[in-house]
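> Here you go, sequence then predicted model.
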Amino acid sequence: MLRRVRQSLRQVLYLMARRPALLCGAIVLSVLLILAVKFTCSRAKNVVAAARPPLRFFSAEAPVVDLYLGQLDQVERLRSVAEVSLIFFYAPWCAHSMAARQEVQLVAKKLAKQVQFVAVNCWWSQGKCRKLNRFYQYPIIHLFYRRFGPIEYKGPFVAPYVESFILRVITPLTYLPSRATLEEFLSYHEPRVVGFFQFNSSPQPPGYITFLSSALQALKRDFRGVVRFGVVTNRQVAEAISLKEDESVYLHRRFNSSLIFPRRERNFTSEAICSWVFEHRETVLQWLQPPETKSRLLERELTKGPALLLFLPHNPLGSKPNPILQQVADIAVRYHSCDNKYHSSSDKSFTSHSLCCQSVVFPESSTSVCEVCLSLLRRGSTSSSTHCSFASTAQGGELLQSYLRHFCLHQLPAPLSIKTATSVGCSNFLNSYSPFVQYSACCRKVEPQLNNESSSQAKEGPDMQKVPLPPHPSSIPPSSAPQQEGDGITGLRCQTNRTLRFYVLDVALNWPLAVRLGASGNRSTPRHQEADAHADESGDGSFAAIVNLKDEVHYVLHRNPATTLTESLEAFIRNFSAPYSLLQRHLVGEEDKKGGEGEARRPDQHQPSPPRPLITELTTSSFLPSVMDLQRDVLLFYYTQWCGFCSVLNHIIIQLARLLQGNSTITVARVNVARNDLPWEFMVDHVPSILLFPRYRKHLSVKFPDDLPITLPNLLHFILQHSGSPHYADKPVTSSGEADGPGASAVLRAEFLVLQREVQALHHARERLSQQLAQLWRENRRLTFDAHSLGAQNAALQRERHSLEEQHREKSLQLGEAVRRLQELADTSENLLNENTLLRILLKALKDRTEAEVERKETEQKRSHMAS
């Protein structure tokens, strides 16, 4: 190999020696190649330009120290000086940081004297913040309370929420000086924690700092500060909640026994106290704040069971509790009160239990007797006015007797004796139950008696224990239906297996979610304007919906303007908890744009009507009117936007619609089932699916066979085979009662109509009475609010009078002080004038004396000179 290389080099040198021009050309090409490589490499160094130095992110007028170069060391220096400091980490290019900047500036202008606001640019590559921290999102707010921190703020970047969080950090503890303040502190529905510390021996007891740190630890977990911490320093006040030992922590609970922190079992540290509080607290209302990014927060909560989502207007800076939130909290507390300790006045005055009993004897056995009692949870009813209705043999009575027969046949035989005439037994048959209506039954077997004494003993019998028996749906009288208005909800959580969880959301921040659930509003307008518009419609700006993720249904509360929020929510919860609920499933669908365009063009009557579309796009609102049109055969195509097979079939559906375009009796339609909810009877198990609803026979809809390929010939054959014919229009479906002619069914039908009219009249009377009661309640509430407002105005005027008197007193004192000072100045000036006059006299006398001395000396000098 080396020999070949040497030979090739010798040949090249030999050629160059013979041709010098070739040697010069090779040298020139080499030099040009070197120069080209040099210029290219030197230019490549200047391709990436240096980053521009960052600029101030906050305005110079804002009271925020903007460290736009990422000086993290200055942050530590500023934080060590201030008692409470807020650190705002941002990226200049981040839109969320730009939006939060305005909110932070508003808060800084209010709290600049109490909090040190510092903003740090954590995106500048040469800054210390970027080198030491790795943030995955911006902006981030950290709060420091003295040496404790950082406390990360995880709420919405809205000025009221940020300010409320800062105020909670500034004052994490509430001082409770008296029993009245303690009772008021424990009266709210939020979890409350009270610490007892005596400040007699030292300025700060050892456990006080730990308790203060536990309150700040709670703010780390919940930025809203739902768990409130209070401190008691008076032993008499602490004895009201059974706190006798110093440095004790008390957790107040409503439904279970309140707890005291076990110092012997756990370490007395801030983390241990905070974990203990969050582990044993009771929560009836839970705040939800879904982030504006992808999150599974709602899914985690909704998978726990049915949820009542309440969208309420909320002001985090409100000095007084929100009255709407207080009403909802009262409903939630009564709903969870299973021990019936928290009955409201309305529940106590109107709720009563009615009991009706009836004996049932089986025809096939003369010795089996059962006593059946119907217990009704009624409002405002007495035993005398209670309407008892038991299931007859024709209407559900066979099911009731089947339970009793099964119970009587399987009773254990009691020992026979002369003194014991009957054998009594009770059993529990539970396959379903109602929280408002229940049956109880106790059966006994009557044995042959020997004399009258034993028969009398048999009639008396021992006390029978009553057990619930499930009622048949048809056996429940209409007056005792659980959907009836007026039933209380106290303890309903423990009376039904459809337990609700209460969640509260801020309507201004979560308005798009409320619209998606069924709130009325335009999605194109800003959410604050939508929330205000909705507030104008509902009166108090609230919206409520029950979401049952397991059953894939949700219900929306449609409030009656004549009822209050409490009445509407109670009826809404009762109807959901009832075994046979009257609530209608709310269907959410896309907005019908064509309908909106038609309404916009309605004033102009001269415009031509729009042409009929080739394929009708159905929505939730237009589904039933279009599909159930008796004059048309409707071929419905179910699809979704994410289904690939549906997109493949689009051209076939379009060709079919073009072929049938001239036929006015056939409509080709499609519906997006991913964006439009449909009634359960019209849903399909997979997409794509095709259904045909023939005219005049809508109840005989036909599904396209799954084993056939979806092609144009197969679809045409399917339509021609199952389409409706005009002769079906002359054959209406007749009921069995009409086919039998006049007779017993006609009499029963007439009686049913009479009863129906009577029930309607009773319903109207009840509605009028309810309206009158609601009007009286509203007037009473208005008068109460007026009295409160007048009292508040009087108190404000009294405070203003006191403040004016204090100002007058202060001004009088200041004026007297000024007069005294002026008098002192006048006396001082007079003394100065006298002294000045005296000094002038002395100076004049001294000057005269000096002149006399000078003249004397000159005279003596002249005499001496003359003498010499």
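In hand now; what should we look at?

> Wasn't V671 part of a strand?
Yes. Applying DSSP: H, G, I helix; E, B strand; the rest coil, one finds V671 inside a strand.

> what's the neighbour count on it?
Using other Cβ atoms under 10 Å, V671 has 25 neighbouring residues. C-beta here means a position set from N, CA and C on the backbone, and glycine is covered the same way.

> partners of it in the sheet?
On the basis of DSSP bridges, V671 is bridged to L618, Y638.

> I'd guessed it sits against Y638; true?
Yes. If you go by Cβ atoms under 8 Å, V671 and Y638 touch, sitting 6.2 Å apart.

> in the stretch 551-700 of the chain, which spans are strands?
Assigned by DSSP state E, counting those that start in this stretch, the strands in the stretch 551-700 of the chain fall at 553-556, 616-618, 633-639, 666-672, 689-693.

> could you redo these as CSV and give each row mean pLDDT?
Below are the strands of the stretch 551-700 of the chain laid out as CSV (pLDDT from 0 to 100):
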stretch, mean pLDDT
strand 553-556, 90
strand 616-618, 93
strand 633-639, 94
strand 666-672, 93
strand 689-693, 94
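
> wait, which of the ones you listed is closest to H865?
Minimum separation from H865 across the strands of the stretch 551-700 of the chain (Cβ to Cβ) falls at strand 553-556, 132.2 Å.

> other SSEs contacting the closest one?
strand 543-548 (3 or more Cβ pairs under 8 Å, 6 or more residues apart in numbering; DSSP states H and E).

> okay, and for this protein, where does confidence drop off?
40-49, 201-202, 292, 340-487, 521-540, 591-610, 725-751 (pLDDT under 70).

> tell me the centre residue of it?
L505 (2.3 Å; Cα atoms, centre = their mean).

> bridging residues for that one?
In this entry, L505 is beta-bridged to F311, by DSSP bridges.

> got the contact list for it?
With contact taken as Cβ atoms under 8 Å, 6 or more residues apart in numbering, L505 is in contact with 287-290, 309-312, 513-514.

> any idea how far T616 is from I652?
Using Cβ to Cβ, to the nearest Å, I652 is found at 17 Å from T616.

> Over to Q823?
According to Cβ to Cβ, Q823 stands 99 Å off from T616.

> Between those two, which has more neighbouring residues?
With neighbours defined as other Cβ under 10 Å, Q823 and T616 compare such that T616 has more, 17 against 10.

> For the more buried one, which non-adjacent residue is closest in space?
Nearest residue to T616 in three dimensions, chain neighbours excluded: A669, at 4.1 Å (Cβ to Cβ, 6 or more residues apart in numbering).

> and the helix or strand that contains L790, what does it pack onto?
Element membership for L790 (DSSP states H and E) is helix 744-867. If you count contacts as 3+ Cβ pairs under 8 Å, 6+ apart, helix 744-867 packs onto helix 736-740.

> Which of the strands of the stretch 551-700 of the chain sits closest to E817?
Closest to E817 of the strands of the stretch 551-700 of the chain is strand 553-556 (Cβ to Cβ; 69.1 Å).

> coming back round to it: right, and the strands of the stretch 551-700 of the chain - which one's nearest D848?
D848 lies closest to strand 553-556 among these, at 112.6 Å (Cβ to Cβ).

> re earlier: in terms of contact, does the residue nearest to T616 touch D633 like I think?
No. If you go by Cβ under 8 Å, A669 and D633 don't touch, sitting 10.8 Å apart.

> Please report how far L132 lies from F89.
To F89, L132 is 11 Å away according to Cβ to Cβ.

> More neighbours: which of those two?
A count of neighbours by other Cβ under 10 Å puts F89 above the other of L132 and F89, at 22 against 10.

> surely the more buried one meets R130?
No. Look at F89 against R130 with Cβ under 8 Å: they stay out of range, at 10.2 Å.

> Show me the common contact partners of the two, please.
Counting by Cβ under 8 Å, 6+ apart, the residues touching both F89 and R130 are C122.

> Tell me what angle the helix or strand where V333 lies forms with strand 543-548.
Using DSSP H and E, V333 sits in helix 323-336. For helix 323-336 against strand 543-548, the angle by axes from the mean of the first three to the mean of the last three Cα atoms, to 10 degrees is 30 degrees.

> Identify all contacting residues around helix 323-336.
Surrounding helix 323-336, the residues in contact under the criterion Cβ under 8 Å, 6+ apart are 188-189, 254-255, 284-285, 310, 312-314, 342-344, 347, 488-493, 500, 502, 504, 540-542, 564-566, 569-570, 573.

> Please pick the buried ones from these.
Among the contacts of helix 323-336, those buried by neighbour count (16 or more other Cβ atoms under 10 Å) are 189, 254, 284-285, 310, 312-314, 342, 344, 347, 488-493, 500, 502, 504, 541-542, 564-565, 569-570, 573.

> thought L309 was touching R501?
No. Contact status for L309 versus R501: not in contact, 9.5 Å apart, counting by Cβ under 8 Å.

> quick check, F144 in a helix?
No. Judged by three-state DSSP, F144 forms no part of a helix; its state is strand.

> C646 - nearest residue in space that isn't next to it in sequence?
Spatially, and ignoring its direct neighbours in sequence, C646 is nearest to Y639 (3.7 Å; Cβ to Cβ, 6+ apart).

> number of nearby residues for the residue nearest to R585 when sequence neighbours are not counted?
Sequence neighbours aside, V553 is the residue nearest to R585 in space, at 4.8 Å (criterion: Cβ to Cβ, 6+ apart). Counted with other Cβ under 10 Å, residues neighbouring V553 total 17.

> Kindly report the same for the one 3 residues further on.
Burial of V556, expressed as a neighbour count using other Cβ under 10 Å, amounts to 20.

> any idea how far it lies from L308?
Taken as Cβ to Cβ, the span from V556 to L308 is 11 Å.

> Lovely, talk soon.
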